[in-house]
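Asks: Here you go, sequence then predicted model.
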Amino acid sequence: MLQAVSILWNHAKDKLEWPLGDNPAHGVDKYGSQRVFLTWPDWMLEALASAPDDVRIAGELIRGTGQRPAASIKMLKSAFKGEWVTVTDEKGNETFDIYCPCRLRTLVENLEKGPRHVLAKSEKAPRSYDVVEKSFRAWRDTLAEIAAEHDDDAKRYSLHGLRKRACVELAEAGCTDAEIQAVTGQSLETVAKYRKEANQKAMSRTAQMRRFKE
């Protein structure tokens, strides 16, 4: 409800130029516990390589661009221009160019020619988020045995968790907050949360290695 009020208020004030004051939803604390998207573990990322095409490609788009699943799934092939790819931050309603990793560039270049979208329903229409997410959940159900080998449960993870994985990977690669933001378009507050997770892992390794003199 807060998000809906905020989006509508900003639209009326900024786009329609209604004489409104400050957004009343800004700064309001959210009620109750909020859903947390868990970062994908290594074993699940490795399993993605053998997932059905729609799940695998969606995963590569989310991880490669660091964008929200819904925006990644409906990307146009024309968004890819050499080393660059145009992405859209749906929440902030912004479009900007980011560097496209070679891995993702190659994937898109090798797709079937014709359809306008990377994940196509038809020649001109993209596959819907709901359809891909349903396919993802079906694939996720097949990972029970692999997850058990890692004392884990695949059902804990979502497509959104793969975006979080991308952000954590950027932080672990030593990127600054500004560099991560330049890729994902997220707020510095959100970036700081992911950096904390990445830094915690790195520092725990250093601490334990020093402790056991490894």
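Replies: Structure's in. What do you need?
Asks: okay, CA-based contacts and neighbour counts for the rest of this
Replies: Will do.
Asks: Show me the shaky parts of this protein.
Replies: The model of the chain has pLDDT under 70 over residues 30-35, 92.
Asks: cutoff 80 now
Replies: The model of the chain has pLDDT under 80 over residues 3, 27, 29-36, 90-93, 194-195, 197-199, 201-203, 214.
Asks: Which parts of it are helices?
Replies: Shown for the chain, the helices assigned by DSSP state H span residues 2-10, 42-47, 53-65, 69-73, 102-109, 129-141, 144-149, 159-172, 177-184, 188-212.
Asks: could those helices go into a markdown table alongside distance to His26?
Replies: Listed next are the helices of the chain as a markdown table, based on distance: least, Cα to Cα, whole Å:
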| stretch | distance to His26 |
| --- | --- |
| helix 2-10 | 7 |
| helix 42-47 | 36 |
| helix 53-65 | 28 |
| helix 69-73 | 24 |
| helix 102-109 | 37 |
| helix 129-141 | 28 |
| helix 144-149 | 40 |
| helix 159-172 | 24 |
| helix 177-184 | 21 |
| helix 188-212 | 15 |
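Asks: Turn the ones you listed into TSV, columns for mean neighbour count and distance to Arg116.
Replies: Putting those into TSV (neighbours: other Cα atoms under 10 Å; distance: least, Cα to Cα, whole Å) gives the following:
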stretch	mean neighbour count	distance to Arg116
helix 2-10	14	29
helix 42-47	13	27
helix 53-65	22	15
helix 69-73	21	12
helix 102-109	14	11
helix 129-141	16	16
helix 144-149	13	35
helix 159-172	23	23
helix 177-184	18	24
helix 188-212	14	32
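Asks: contact partners of stretch 13-23?
Replies: Contact with stretch 13-23 is made by 6, 9-10, 12, as judged by Cα atoms under 8 Å, 6 or more residues apart in numbering.
Asks: typo on my end, it should be stretch 133-151
Replies: So stretch 133-151 is contacted by 43-44, 51-52, 54-55, 153-155, 159 (Cα under 8 Å, 6+ apart).
Asks: out of those, who's nearest Ser72?
Replies: Top of the list for closeness to Ser72, among those and by Cα to Cα, is Leu159 at 10.6 Å.
Asks: Please report the distance of the residue lying closest to that closest one once chain neighbours are set aside from Thr142.
Replies: Sequence neighbours aside, Pro69 is the residue nearest to Leu159 in space, at 6.4 Å (criterion: Cα to Cα, 6 or more residues apart in numbering). According to Cα to Cα, to the nearest Å, Pro69 and Thr142 sit 21 Å apart.
Asks: just Glu189 next, same as before
Replies: Glu189 sits 36 Å away from Thr142, going by Cα to Cα.
Asks: which residues touch the residue nearest in space to the middle of the chain?
Replies: Nearest residue to the geometric centre of the chain (Cα atoms, centre = their mean): Arg163, 2.4 Å. Contact analysis of Arg163 by Cα under 8 Å, 6+ apart lists 39, 62-63, 66-69.
Asks: Report the distance from stretch 140-148 to the chain centre.
Replies: 22 Å (Cα atoms, centre = their mean, to the nearest Å).
Asks: List the contacts of Thr190.
Replies: By Cα under 8 Å, 6+ apart, the contact set of Thr190 is empty.
Asks: burial count for the nearest residue to Lys124 once chain neighbours are set aside?
Replies: Nearest non-adjacent residue to Lys124, counting by Cα to Cα, 6+ apart: Arg116, 5.5 Å away. A count of nearby residues for Arg116, using other Cα atoms under 10 Å, gives 19.
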